[in-house]
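In: Build me a model from this:
(2 chains)
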Number of protein chains: 2
Amino acid sequence: MRIGHRLVRDDRVTTHAALVARAFGAEKIYMTGIDQSVAKTVYDIGKRWGGEFELEIVEDWKPVAKNWKRSGGTIAHLTMYGVRVDTAMKSLRKKNDVLVVVGSEKVPREAYELADYNISVGNQPHSEIAALAIFLDRIFRGKQIAKEFSGGRLKIVPSEKGKVVQDNT
Amino acid sequence: MRIGHRLVRDDRVTTHAALVARAFGAEKIYMTGIDQSVAKTVYDIGKRWGGEFELEIVEDWKPVAKNWKRSGGTIAHLTMYGVRVDTAMKSLRKKNDVLVVVGSEKVPREAYELADYNISVGNQPHSEIAALAIFLDRIFRGKQIAKEFSGGRLKIVPSEKGKVVQDNT
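Out: Have a look, this model is predicted:
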């Protein structure tokens, strides 16, 4: 599962999207129009908290998407206008290589056409970050939440009150 | 279900959180430290897309939380350090009045202590927007996605390609 994130100009929203992709089980995110500081934040979090997540800054999302299709992959585009996520899941879960395309408000026509699936997480306006989270949650049937990230320095022990962090240095 | 959102300074992230609360079935959000423009955006979306969602700007989240508890309500605080969301759900779903507290990075000690439940949506750093979305999705067992919002001017018809919007004016 990889994520193509595009057309986002706001750094904090962009960072959230990348961190959700990482925490919810995606392998990699391609991002356009972001600042290097976003990449650094995500890289630093990976070092501290483990896992193998990759972030690649690309000039344009379209070549990524077109190459993806050419090599047999599937493209799912998240949009409030698409078919319901739970309807799409049945066939989508059978695919091996899924590239998820998420963007901010202005999504070009081509995204709808390149996509094998245009998928809505509810048909109300909300947030591409939430849409991505729910989409990945559905794909992985909620199991990504309990996934272990190996190799990190820090690890949280879930706790009723307070903060319990194992430091493995 | 109401949401107490606090300590967020970034308008776009704040707007996303409010819109997720609305789209995912919360009745109301209390927000601190936000700009009036956020309230206006949320209000305008409600007018266009229907529903009864409320937003209230408050000076301080603590009196809201304390009054909530005093009148018998339950407080769930979302934090990456808490117990797993799926563990908490069994007993939390039986509660009637739940106030969800979500914040940005700097969360004061008191939030952990006032909360009846400190709940994590995964123990990796990601996004309070994603955490809120998954929390509400679990509470409502995914049904909020198909919920109809009455009284709006616009309504989307889910579609495989393109944008199909009914305009009821």
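In: Need the single longest strand in chain A, by residues.
Out: In chain A, assigned by DSSP state E, the strand with the most residues is strand A:74-84.
In: Now the residue nearest the centre of chain A: phi and psi?
Out: Per CA atoms, centre = their mean, the C-alpha nearest to the average position across chain A is that of residue A:21, at 3.1 Å. Per-residue torsions, residue A:21: phi -50, psi -50 (degrees, to the nearest 10).
In: thought it was touching residue A:53?
Out: Yes: assessed by CB atoms under 8 Å, residue A:21 is found in contact with residue A:53 at 7.3 Å. The C-beta positions use only the backbone N, C-alpha and C, and glycine is treated the same way.
In: any residues in contact with both of those two?
Out: Shared contacts of residue A:21 and residue A:53 (CB atoms under 8 Å, 6 or more residues apart in numbering or on different chains): residue A:29.
In: And for residue A:145, the neighbour number?
Out: By other CB atoms under 10 Å in any protein chain shown, the residues close to residue A:145 number 21.
In: Would you check how far apart it and chain B are?
Out: As judged by CB to the nearest CB, to the nearest Å, residue A:145 and chain B stand 4 Å apart.
In: so who does that residue touch?
Out: Neighbouring residues of residue A:145 by CB under 8 Å, 6+ apart: A:24, A:137, B:84-86, B:121-122, B:134.
In: Now do the same for it: helix, strand or coil?
Out: Here residue A:145 is helix, with the state taken from DSSP: H, G, I helix; E, B strand; the rest coil.
In: Check what pLDDT it gets.
Out: On the pLDDT scale, residue A:145 is placed at 91.
In: before we move on, what about the one 3 residues further on?
Out: As predicted, residue A:148 sits at a pLDDT of 92.
In: ok, now which ones touch it?
Out: Each residue near residue A:148 by CB under 8 Å, 6+ apart is listed here: residue A:50.
In: my guess is it is in a strand, correct?
Out: No: assigned with three-state DSSP, residue A:148 falls outside any strand and is coil.
In: CSV for the contacts of residue A:145, including distance to residue A:33, pLDDT and neighbour count?
Out: Below are the contacts of residue A:145 laid out as CSV (distance: CB to CB, whole Å; pLDDT from 0 to 100; neighbours: other CB atoms under 10 Å in any protein chain shown):
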residue, distance to residue A:33, pLDDT, neighbour count
A:24, 22, 97, 27
A:137, 26, 97, 26
B:84, 35, 96, 15
B:85, 33, 97, 24
B:86, 36, 96, 14
B:121, 28, 97, 28
B:122, 27, 96, 25
B:134, 27, 98, 27
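In: Out of those residues, list just those in strands.
Out: Those of the contacts of residue A:145 lying in strands (DSSP E): residue B:84.
In: Mind checking which of the contacts of residue A:145 are in helices?
Out: The helices, defined by DSSP state H, take in A:137, B:85-86, B:134 from the contacts of residue A:145.
In: Turn the contacts of residue A:145 into TSV, including distance to residue B:66.
Out: Formatted as TSV, the contacts of residue A:145 follow (distance: CB to CB, whole Å):
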residue	distance to residue B:66
A:24	34
A:137	33
B:84	27
B:85	24
B:86	28
B:121	25
B:122	29
B:134	27
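In: Tell me how many other residues surround the closest residue to residue A:58 other than its chain neighbours.
Out: Leaving aside its sequence neighbours, residue A:58 sits nearest to residue A:30 (CB to CB, 6 or more residues apart in numbering or on different chains; 4.9 Å). Number of residues near residue A:30 (other CB under 10 Å) recorded here: 21.
In: re earlier: and the longest strand of chain A, is it in reach of chain B?
Out: Yes: on the criterion CB under 8 Å from any CB of the partner chain, strand A:74-84 is in touch with chain B at A:79-84.
In: helices and strands around that strand, which ones?
Out: Here strand A:74-84 touches helix A:61-70, helix A:85-92, strand A:98-103, helix A:109-114, strand A:117-120, helix A:128-139, going by 3 or more CB pairs under 8 Å, 6 or more residues apart in numbering or on different chains; DSSP states H and E.
In: mind listing what's buried in the first one?
Out: Of the residues in helix A:61-70, those buried by neighbour count under the rule 16 or more other CB atoms under 10 Å in any protein chain shown are A:61-62, A:64-65, A:68.
In: Find the least confident helix or strand in chain A, judged by mean pLDDT.
Out: Lowest by mean pLDDT, DSSP states H and E among the helices and strands of chain A is strand A:2-6, with a mean of 55.
In: Model confidence for residue A:107, exactly?
Out: With respect to pLDDT, residue A:107 has a value of 72.
In: Shouldn't it be within a helix?
Out: No: counting by three-state DSSP, residue A:107 falls outside a helix, being coil.
In: I figured it hits residue A:79, correct?
Out: Yes: counting by CB under 8 Å, residue A:107 does reach residue A:79; the two are 6.5 Å apart.
In: dump the residue contacts of residue A:38.
Out: Counting by CB under 8 Å, 6+ apart, residue A:38 makes contact with A:11, A:14-15, A:18, A:31, A:55.
In: Which of those sits closest to residue B:151?
Out: Comparing the contacts of residue A:38 against residue B:151 with CB to CB picks out residue A:14 as the nearest, at 33.9 Å.
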